[in-house]
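sequence and predicted model, in that order:
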Amino acid sequence: MGATAENAPLDAEITGVAGIEEATSQQVTFLTNAKYAAKAKNTQAAAILVSPDFQAEGLRLLRHKNPYLAFARALECFYQPPQYAPGIHPTAVIDPSAKVGPGAHIGPYAVIDAGVEIGRDAVILAHVVIYRGVKIGERFFAHAHSTVREFCILGDDVILQNGVVIGADGFGFARDGARGWHKIVQSGITRLGNRVEVQANACVDRASLGETAVGEDTKIDNLTQIGHGSTVGEHTMLCSQVGLAGSTHVGNNVILAGKVGVAGHLKIGDGAVATALTGIPGDVAAGATVSGYPAIDNRQWLRAVAVFHKLPEMARELRRLMRSVPPPE
């Protein structure tokens, strides 16, 4: 992992990893958030993964420039997920025209429709449905009850968690006078780049025209909604319950925290960050950090929040001052 040890000899056998409060004398833990630093003094862990500048005496420390990444790699050493042997379950339904690469595991009641192409070493678990004409790269992993709609295109190493829907119809309706709403045909597709992971019950809608596209290595959390015709760049993270209205364009290396809502037909620049519960009604500049609704600069928002709880007292003082001012003659 590239970590360096110091302060106390590490002669215990390491059997696993755990959080800083739960770790035992045979487990490694990590510390990246300063607010948990006090808990490091009482941890029972055999060693703590910390950053190079962390200061402590009498603790067994493993220093690493990215302790959270080192912790993630340590987890991989001790936890082995289930392995799925190649083979096709007898209840799976695969159209004769579909092409599935070697090494695939296809589970019970999975459905693969006509014209589908899937690369080698796919894992398709129970009740997954792949509609016709879908193209998927190598090492695809689809958990139970995920769905890929017709003609969508997915790259290599894509992971779909349970209940994901890729390429459902975008939310497109036109007013039709007294008759209400007329459904707009969603004739486009959804395209996912290499190493995209979409987590449970998230939806990436197909476009009415063209495509909805998600760039390489982007991660999409549970219950996130990406509206039709939107684009999301590379290495971007959309956290739980983020909602992008149609034709939103999100850049590379963007982080949208939990429950961020984005109005449609706007642009969020590369490297931007929106903190939790932010509402974004307009463009966000590259590299900006925004908060609140309507979204403003995070530092300004923090100052405003600091004042907010004082507003009742300030209002009372204002009313007192106004009473002390004599009325105009």
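Okay, I see it.

going forward, measure contacts between C-alpha atoms and count neighbours the same way
Fine.

what residue ranges in this protein score low on pLDDT?
Low-confidence segments of the chain, defined by pLDDT under 70, span residues 1-11.

domain map for it?
For the chain, the structural domains run 4-78, 87-300, going by automatic domain parsing.

roughly how far out does the longest one sit from the chain middle?
Averaging C-alpha coordinates over domain 87-300 and over its chain gives two centres that are 11 Å apart (C-alpha atoms, centre = their mean, to the nearest Å).

can you tell me the distance between the two ends of that domain?
57 Å (C-alpha to C-alpha, to the nearest Å).

try stretch 235-242
First-to-last residue span, stretch 235-242, C-alpha to C-alpha: 16 Å.

pick the most deeply packed of the domains of the chain.
Mean neighbours per residue, mean count of other C-alpha atoms under 10 Å, is largest over the domains of the chain for domain 87-300, with a mean of 21.

ok, E13 touching V28?
No: here E13 lies out of contact with V28, judged by C-alpha atoms under 8 Å, at a distance of 10.3 Å.

adding distance to R319, write the domains of the chain out as a markdown table.
Converted to a markdown table, the domains of the chain look like this (distance: least, C-alpha to C-alpha, whole Å):
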| stretch | distance to R319 |
| --- | --- |
| domain 4-78 | 40 |
| domain 87-300 | 26 |
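
pull the longest helix from the chain.
Here the longest helix in the chain is taken by residue count, with DSSP state H as the criterion, and it is helix 311-324.

list the contacts of A286.
268-272 (C-alpha atoms under 8 Å, 6 or more residues apart in numbering).

farthest-separated two in the residues you listed?
Of all pairs drawn from those, the one with the largest separation by C-alpha to C-alpha is I268 and G271; the distance is 8.7 Å.

overlap of the contact sets of those two?
Overlap between the contact sets of I268 and G271, as judged by C-alpha under 8 Å, 6+ apart, is given by 251, 286.

show me where the protein has its helices.
When assigned using DSSP H, the helices of the chain occupy the ranges 37-40, 67-78, 298-308, 311-324.

now those as CSV including distance to K259?
Supplementary listing: those in CSV, determined by distance: least, C-alpha to C-alpha, whole Å:
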stretch, distance to K259
helix 37-40, 29
helix 67-78, 24
helix 298-308, 16
helix 311-324, 26
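
among those helices, which comes closest to R195?
Nearest of the helices of the chain to R195, taken as C-alpha to C-alpha: helix 67-78 at 17.2 Å.

outside of that closest one itself, list whatever touches it.
Everything outside helix 67-78 that qualifies as a contact, by C-alpha under 8 Å, 6+ apart, is 1, 3, 15-17, 29-32, 49-51, 64.

6 Å instead, please
For helix 67-78, contacts defined as C-alpha atoms under 6 Å, 6 or more residues apart in numbering pick out 1, 16, 49-51.

just the ones of those residues in strands?
The subset of the contacts of helix 67-78 located in strands under the criterion DSSP state E comprises 16, 49-50.

could these go into a markdown table alongside distance to A168?
Compiled in a markdown table, these are given as follows (distance: C-alpha to C-alpha, whole Å):
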| residue | distance to A168 |
| --- | --- |
| G16 | 41 |
| L49 | 43 |
| V50 | 43 |
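
of these, closest to E150?
Each of the ones in strands among the contacts of helix 67-78 was checked against E150 using C-alpha to C-alpha; the closest is G16, at 43.2 Å.

these two touch, right, the closest one and T24?
No: contact between G16 and T24 fails when scored by C-alpha atoms under 6 Å: they sit 9.0 Å apart.

pull the distance from stretch 299-306 to the chain's centre.
With C-alpha atoms, centre = their mean, you get 26 Å for stretch 299-306.
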